[in-house]
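> Make a model of this:
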Amino acid sequence: MKRLFAFPNPVNDAAARTVALGVVAMTALALLTGWAWILVPLTYGFLARVGTGPTLSPLGQFATRVAGPRLVTWQKFVPGPPKRFAQGIGALLTLAATITWWGVGWDVARWILLPLLVAASLEGFLGFCLGCTIFGWLMRWGVVPDTICEECGNLAKRYAAAGYPVASDS
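Residues are numbered from 1 along each chain as shown. Predicted coordinates for the structure are as follows:
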């Protein structure tokens, strides 16, 4: 059971970007057509990915098993905790939009999806994870302990592993 609710670490960046592009497609479709019902699978997907990584997410399964491994130019592995945090932000936004849609209506709920569309577009098209950046800020401010993601706090180690020259402390 513990394995079911595990989030991968590291995460294949190609799979993460594929998921982001799927989120962009679903969100844009909902906004352009007015099909608010798309919020239901979108919200489920985020909740599933936060809870179990790609295991219970159809989009996550497609990204990790089909698309991600084939996108060789995007193949790199990044820390998992910031990606899980980013999925959590997506879950909060889609859950808020879904509750707003049911309680107030689509005309109000659709505005909650705009930040999601921007963030998912940055990740999918440019490889810039806004949620990961916020996670990094929270680590620097001491809100998120270094033990959650030791690799995140040690940029020199990450750069050295990627083959970049790193100045030594001595």
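
> Look up which helix or strand residue 84 falls in, please.
helix 80-103 (DSSP states H and E).

> again but with residue 59, I slipped
Going by DSSP H and E, residue 59 is in helix 58-62.

> low pLDDT regions in the protein?
Along the chain, the model assigns pLDDT under 70 to residues 1-2, 153-170.

> list the contacts for the residue nearest to residue 39 when sequence neighbours are not counted?
Leaving out its chain neighbours, the residue that sits closest to residue 39 by C-beta to C-beta, 6 or more residues apart in numbering is residue 98, at 4.5 Å. Where C-beta positions appear, they are placed from N, C-alpha and C, glycine not excepted. Residues near residue 98 by C-beta atoms under 8 Å, 6 or more residues apart in numbering: 39, 40, 43, 109.

> Now that we have the residues you listed, which of them are buried?
Taking 16 or more other C-beta atoms under 10 Å as the criterion, what is buried in these is 39, 43, 109.

> From residue 23, how far out is the first one?
The reference is to residue 39. Using C-beta to C-beta, to the nearest Å, residue 39 is found at 12 Å from residue 23.

> Residue 106 too?
18 Å.

> Out of these two, name the residue with the larger neighbour count.
Taking other C-beta atoms under 10 Å, residue 106 and residue 23 do not tie; residue 23 has more neighbours (26 against 17).

> wait, what's in contact with that one?
42, 45, 59, 90, 116, 120, 124.

> Do a quick rundown of the helices in this structure.
13-33, 39-52, 58-62, 68-70, 80-103, 106-121, 130-140, 150-153, 155-161 (DSSP state H).

> name the helices or strands packed onto the fourth one?
In other words, helix 68-70. On a contact count with 3 or more C-beta pairs under 8 Å, 6 or more residues apart in numbering; DSSP states H and E, helix 68-70 meets helix 13-33.
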